[in-house]
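Chemist: quick one: sequence and predicted model below, then my questions.
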Amino acid sequence: MKKRCKMKVKELEELIKNSSYEEFLNLKASYFDEDKKSIVNLFQKYENKFKKNQKLLEEYRKRLIYENDLLKKGYRFIAGVDEVGRGPLAGPVYAAAVILDLSNPIYDIKDSKKLSDIKRKEISEKIRASCISYSIASATEKEIDELNILCATKLAMKRAIEGLSIKPDFILIDAVKLDLDIDSSSLVKGDDLSVSIGAASIIAKVERDEFMDKIALKYPFYSFDKNKGYGTKEHIEAIKKYGPCEIHRRSFLKNII
(Lines give C-alpha, C1' and ligand atoms only; values in the text may rest on other atoms or scores of the structure.)
Protein backbone atom coordinates (compact mmCIF):
# COMPACT_ATOMS: atom_id res chain seq x y z
CA MET A 1 0.00 0.00 0.00
CA LYS A 2 1.27 3.46 -0.90
CA LYS A 3 2.68 5.49 1.99
CA ARG A 4 0.99 8.85 2.43
CA CYS A 5 2.44 11.98 3.99
CA LYS A 6 1.13 12.55 7.50
CA MET A 7 2.66 16.03 7.73
CA LYS A 8 1.78 19.20 5.93
CA VAL A 9 4.34 20.40 3.39
CA LYS A 10 5.38 23.34 5.59
CA GLU A 11 5.90 21.05 8.56
CA LEU A 12 7.95 18.65 6.45
CA GLU A 13 10.07 21.50 5.10
CA GLU A 14 10.78 22.75 8.60
CA LEU A 15 11.93 19.25 9.55
CA ILE A 16 14.19 19.04 6.49
CA LYS A 17 15.71 22.47 7.21
CA ASN A 18 16.95 21.24 10.58
CA SER A 19 18.22 17.90 9.28
CA SER A 20 21.72 16.72 8.48
CA TYR A 21 22.25 15.30 5.00
CA GLU A 22 22.09 11.76 6.38
CA GLU A 23 18.83 12.53 8.19
CA PHE A 24 17.49 14.10 5.00
CA LEU A 25 18.28 10.96 2.99
CA ASN A 26 16.52 8.78 5.58
CA LEU A 27 13.52 11.09 5.53
CA LYS A 28 13.46 11.07 1.74
CA ALA A 29 13.61 7.27 1.73
CA SER A 30 10.55 7.12 3.96
CA TYR A 31 8.64 9.03 1.26
CA PHE A 32 10.13 7.13 -1.68
CA ASP A 33 6.73 6.25 -3.16
CA GLU A 34 5.10 9.62 -2.55
CA ASP A 35 3.77 11.06 -5.82
CA LYS A 36 2.28 14.29 -4.51
CA LYS A 37 3.93 17.00 -6.63
CA SER A 38 4.52 19.44 -3.75
CA ILE A 39 6.34 16.72 -1.77
CA VAL A 40 8.39 15.56 -4.75
CA ASN A 41 9.41 19.15 -5.54
CA LEU A 42 10.27 19.81 -1.90
CA PHE A 43 12.68 16.89 -1.72
CA GLN A 44 14.22 17.83 -5.07
CA LYS A 45 14.74 21.41 -3.89
CA TYR A 46 16.60 20.36 -0.77
CA GLU A 47 18.49 17.58 -2.54
CA ASN A 48 19.98 20.27 -4.80
CA LYS A 49 20.76 22.49 -1.80
CA PHE A 50 22.48 19.70 0.09
CA LYS A 51 24.56 18.79 -2.97
CA LYS A 52 25.55 22.42 -3.49
CA ASN A 53 26.55 22.75 0.16
CA GLN A 54 28.50 19.50 0.01
CA LYS A 55 30.44 20.77 -3.01
CA LEU A 56 31.11 24.04 -1.19
CA LEU A 57 32.40 22.12 1.83
CA GLU A 58 34.69 19.98 -0.31
CA GLU A 59 36.13 23.06 -2.05
CA TYR A 60 36.63 24.77 1.31
CA ARG A 61 38.54 21.78 2.69
CA LYS A 62 40.87 21.89 -0.33
CA ARG A 63 41.56 25.57 0.37
CA LEU A 64 42.34 24.71 3.99
CA ILE A 65 45.21 22.30 3.23
CA TYR A 66 47.99 24.84 3.80
CA GLU A 67 46.44 26.18 7.00
CA ASN A 68 45.89 22.69 8.42
CA ASP A 69 49.48 21.74 7.64
CA LEU A 70 50.76 24.84 9.44
CA LEU A 71 48.50 24.20 12.44
CA LYS A 72 49.96 20.69 12.72
CA LYS A 73 53.43 22.25 12.78
CA GLY A 74 52.46 24.37 15.76
CA TYR A 75 51.70 27.71 14.13
CA ARG A 76 48.77 29.44 15.75
CA PHE A 77 48.11 32.78 14.05
CA ILE A 78 48.22 32.30 10.27
CA ALA A 79 47.71 35.39 8.15
CA GLY A 80 46.73 35.47 4.51
CA VAL A 81 47.92 38.42 2.42
CA ASP A 82 46.83 39.52 -1.04
CA GLU A 83 46.73 42.63 -3.22
CA VAL A 84 44.19 44.16 -5.55
CA GLY A 85 44.75 46.72 -8.28
CA ARG A 86 48.16 46.09 -9.81
CA GLY A 87 46.87 46.46 -13.37
CA PRO A 88 44.65 49.59 -13.43
CA LEU A 89 45.68 52.91 -14.98
CA ALA A 90 44.38 54.80 -11.96
CA GLY A 91 44.01 54.55 -8.21
CA PRO A 92 46.06 53.04 -5.41
CA VAL A 93 47.08 49.41 -5.14
CA TYR A 94 45.41 47.86 -2.10
CA ALA A 95 46.51 44.98 0.11
CA ALA A 96 44.87 43.14 2.98
CA ALA A 97 46.11 40.83 5.71
CA VAL A 98 43.66 38.54 7.50
CA ILE A 99 44.00 36.11 10.39
CA LEU A 100 40.91 33.95 10.15
CA ASP A 101 39.25 32.19 13.06
CA LEU A 102 39.49 28.73 11.51
CA SER A 103 37.15 27.32 14.16
CA ASN A 104 34.42 29.54 12.71
CA PRO A 105 34.57 28.69 8.98
CA ILE A 106 33.14 30.79 6.16
CA TYR A 107 32.67 28.14 3.51
CA ASP A 108 32.13 30.38 0.49
CA ILE A 109 35.50 32.17 0.71
CA LYS A 110 37.32 31.87 -2.61
CA ASP A 111 39.27 33.96 -5.09
CA SER A 112 37.51 37.35 -5.14
CA LYS A 113 37.51 37.36 -8.96
CA LYS A 114 35.15 34.36 -8.90
CA LEU A 115 32.50 36.18 -6.87
CA SER A 116 29.85 38.71 -7.83
CA ASP A 117 29.98 42.22 -6.34
CA ILE A 118 27.06 41.45 -4.04
CA LYS A 119 28.54 38.17 -2.86
CA ARG A 120 31.97 39.74 -2.28
CA LYS A 121 30.44 42.43 -0.06
CA GLU A 122 28.42 39.86 1.85
CA ILE A 123 31.45 37.63 2.49
CA SER A 124 33.67 40.64 3.27
CA GLU A 125 31.31 41.62 6.08
CA LYS A 126 31.39 38.07 7.45
CA ILE A 127 35.19 38.00 7.36
CA ARG A 128 35.55 41.33 9.14
CA ALA A 129 33.00 40.35 11.79
CA SER A 130 34.40 36.90 12.59
CA CYS A 131 38.16 36.96 11.93
CA ILE A 132 40.78 37.27 14.67
CA SER A 133 42.34 40.32 13.02
CA TYR A 134 42.39 42.08 9.66
CA SER A 135 44.14 45.08 8.19
CA ILE A 136 43.79 46.90 4.86
CA ALA A 137 46.45 49.22 3.47
CA SER A 138 47.43 50.82 0.18
CA ALA A 139 50.20 52.44 -1.80
CA THR A 140 49.24 55.59 -3.67
CA GLU A 141 49.48 56.19 -7.40
CA LYS A 142 52.41 58.55 -6.67
CA GLU A 143 54.25 55.78 -4.83
CA ILE A 144 53.51 53.46 -7.75
CA ASP A 145 55.07 55.97 -10.16
CA GLU A 146 58.09 56.54 -7.94
CA LEU A 147 58.80 52.94 -6.91
CA ASN A 148 57.22 50.84 -9.75
CA ILE A 149 54.13 48.70 -9.29
CA LEU A 150 55.85 45.63 -7.82
CA CYS A 151 57.66 47.58 -5.12
CA ALA A 152 54.51 49.57 -4.36
CA THR A 153 52.56 46.32 -4.06
CA LYS A 154 55.09 44.96 -1.59
CA LEU A 155 54.88 48.22 0.35
CA ALA A 156 51.09 47.97 0.60
CA MET A 157 51.36 44.33 1.71
CA LYS A 158 53.89 45.17 4.44
CA ARG A 159 51.69 48.01 5.65
CA ALA A 160 48.73 45.63 5.86
CA ILE A 161 50.75 43.10 7.86
CA GLU A 162 52.02 45.81 10.22
CA GLY A 163 48.44 46.98 10.74
CA LEU A 164 47.28 43.66 12.23
CA SER A 165 46.35 43.94 15.91
CA ILE A 166 47.91 40.51 16.52
CA LYS A 167 51.31 39.62 15.10
CA PRO A 168 51.02 36.46 12.98
CA ASP A 169 53.53 33.65 13.38
CA PHE A 170 53.17 32.57 9.75
CA ILE A 171 52.10 34.43 6.62
CA LEU A 172 50.70 32.97 3.39
CA ILE A 173 51.20 35.44 0.53
CA ASP A 174 49.69 35.44 -2.93
CA ALA A 175 52.52 35.13 -5.50
CA VAL A 176 54.74 37.93 -4.15
CA LYS A 177 57.77 37.22 -1.96
CA LEU A 178 58.33 39.60 0.93
CA ASP A 179 61.39 40.20 3.10
CA LEU A 180 59.90 39.67 6.55
CA ASP A 181 60.98 38.75 10.07
CA ILE A 182 58.07 36.29 10.19
CA ASP A 183 57.95 32.80 8.64
CA SER A 184 56.14 33.01 5.33
CA SER A 185 55.39 31.23 2.08
CA SER A 186 54.49 32.57 -1.35
CA LEU A 187 51.78 30.69 -3.28
CA VAL A 188 51.16 31.24 -6.98
CA LYS A 189 47.38 31.67 -7.42
CA GLY A 190 47.20 31.55 -3.66
CA ASP A 191 43.86 33.37 -3.58
CA ASP A 192 42.29 30.18 -4.95
CA LEU A 193 44.50 27.73 -3.01
CA SER A 194 44.34 29.15 0.50
CA VAL A 195 41.25 30.23 2.39
CA SER A 196 43.31 32.87 4.27
CA ILE A 197 44.67 34.44 1.08
CA GLY A 198 41.21 34.23 -0.47
CA ALA A 199 39.78 36.14 2.49
CA ALA A 200 42.42 38.84 2.06
CA SER A 201 41.64 39.13 -1.65
CA ILE A 202 37.95 39.63 -0.91
CA ILE A 203 38.22 42.40 1.67
CA ALA A 204 40.95 44.18 -0.33
CA LYS A 205 38.82 44.09 -3.48
CA VAL A 206 35.72 45.41 -1.71
CA GLU A 207 37.73 48.22 -0.07
CA ARG A 208 39.36 49.30 -3.33
CA ASP A 209 36.10 49.15 -5.28
CA GLU A 210 34.44 51.37 -2.67
CA PHE A 211 37.26 53.89 -3.00
CA MET A 212 36.91 53.94 -6.79
CA ASP A 213 33.12 54.37 -6.48
CA LYS A 214 33.64 57.42 -4.25
CA ILE A 215 36.33 59.00 -6.42
CA ALA A 216 34.01 58.54 -9.43
CA LEU A 217 31.74 61.19 -7.93
CA LYS A 218 34.61 63.67 -8.08
CA TYR A 219 35.76 62.65 -11.58
CA PRO A 220 32.65 61.39 -13.43
CA PHE A 221 34.25 61.65 -16.90
CA TYR A 222 36.36 58.52 -16.33
CA SER A 223 33.55 56.20 -15.09
CA PHE A 224 35.73 54.88 -12.27
CA ASP A 225 32.65 53.33 -10.66
CA LYS A 226 32.36 51.01 -13.68
CA ASN A 227 35.97 50.36 -14.73
CA LYS A 228 37.63 50.66 -11.27
CA GLY A 229 40.55 52.35 -13.00
CA TYR A 230 41.26 49.59 -15.51
CA GLY A 231 42.08 50.48 -19.10
CA THR A 232 38.75 49.97 -20.79
CA LYS A 233 38.17 51.54 -24.20
CA GLU A 234 35.90 54.22 -22.70
CA HIS A 235 38.42 54.99 -19.95
CA ILE A 236 41.29 55.39 -22.41
CA GLU A 237 39.18 57.64 -24.64
CA ALA A 238 38.33 59.80 -21.61
CA ILE A 239 42.02 60.15 -20.72
CA LYS A 240 42.82 61.25 -24.28
CA LYS A 241 39.97 63.76 -24.24
CA TYR A 242 40.27 65.21 -20.72
CA GLY A 243 43.83 64.27 -19.76
CA PRO A 244 44.76 62.43 -16.56
CA CYS A 245 43.41 63.38 -13.14
CA GLU A 246 45.16 63.28 -9.77
CA ILE A 247 44.76 59.53 -9.25
CA HIS A 248 46.06 58.40 -12.63
CA ARG A 249 49.36 56.53 -12.64
CA ARG A 250 51.51 58.61 -14.96
CA SER A 251 53.96 55.72 -15.48
CA PHE A 252 51.07 53.64 -16.87
CA LEU A 253 50.02 56.28 -19.43
CA LYS A 254 53.17 56.57 -21.54
CA ASN A 255 51.55 54.91 -24.56
CA ILE A 256 48.27 56.80 -24.17
CA ILE A 257 49.21 60.47 -23.77
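Modeler: Here it is on my side, so go on. Numbers count the residues shown, from 1 in each chain.

Chemist: alpha carbons only for contacts and neighbour counts from here, please
Modeler: Will do.

Chemist: ok, the spatially most central residue of the chain - contacts?
Modeler: The chain has Ile202 as the residue nearest its centroid, 2.8 Å off, counting by Cα atoms, centre = their mean. By Cα atoms under 8 Å, 6 or more residues apart in numbering, Ile202 lies in contact with Lys110, Asp111, Ser112, Arg120, Ile123, Ser124.

Chemist: can you list the low-confidence ranges for this structure?
Modeler: For the chain, the stretches with pLDDT under 70 are 1-6, 32-33.

Chemist: go again with 50.
Modeler: Filtered on pLDDT under 50, the chain yields the residue ranges 1-5.

Chemist: just the helices in the stretch 1-150 of the chain please.
Modeler: Secondary structure of the stretch 1-150 of the chain by DSSP state H, counting those that start in this stretch: the helices cover 9-17, 21-30, 37-62, 65-72, 117-130, 141-147, 149-162.

Chemist: mind listing the strands in the stretch 151-257 of the chain by residue range?
Modeler: Secondary structure of the stretch 151-257 of the chain by DSSP state E, counting those that start in this stretch: the strands cover 170-174, 184-187.

Chemist: by contact count, what packs against the shortest one?
Modeler: I take that to be strand 184-187. Strand 184-187 sits against strand 170-174, with contacts defined as 3 or more Cα pairs under 8 Å, 6 or more residues apart in numbering; DSSP states H and E.

Chemist: do the same with the longest one
Modeler: Applying 3+ Cα pairs under 8 Å, 6+ apart, one finds that strand 170-174 contacts strand 78-84, strand 184-187, helix 190-193, helix 195-218.

Chemist: Lys17: which of the ones you listed is closest?
Modeler: With Cα to Cα, the closest approach to Lys17 among these belongs to helix 195-218: 27.1 Å.

Chemist: name the residues of that closest one that come out as buried.
Modeler: Neighbour-count burial for helix 195-218 flags 195-209, 211-213, 215-216 (criterion: 16 or more other Cα atoms under 10 Å).

Chemist: what of stretch 66-74?
Modeler: Those would be Tyr66, Glu67, for stretch 66-74 by 16+ other Cα under 10 Å.

Chemist: and Phe224, how close does it get to Gly80?
Modeler: As judged by Cα to Cα, to the nearest Å, Phe224 and Gly80 stand 28 Å apart.

Chemist: and stretch 172-190, how far out from the chain middle?
Modeler: Stretch 172-190 has its C-alpha centroid displaced from the chain centroid by 18 Å (Cα atoms, centre = their mean, to the nearest Å).
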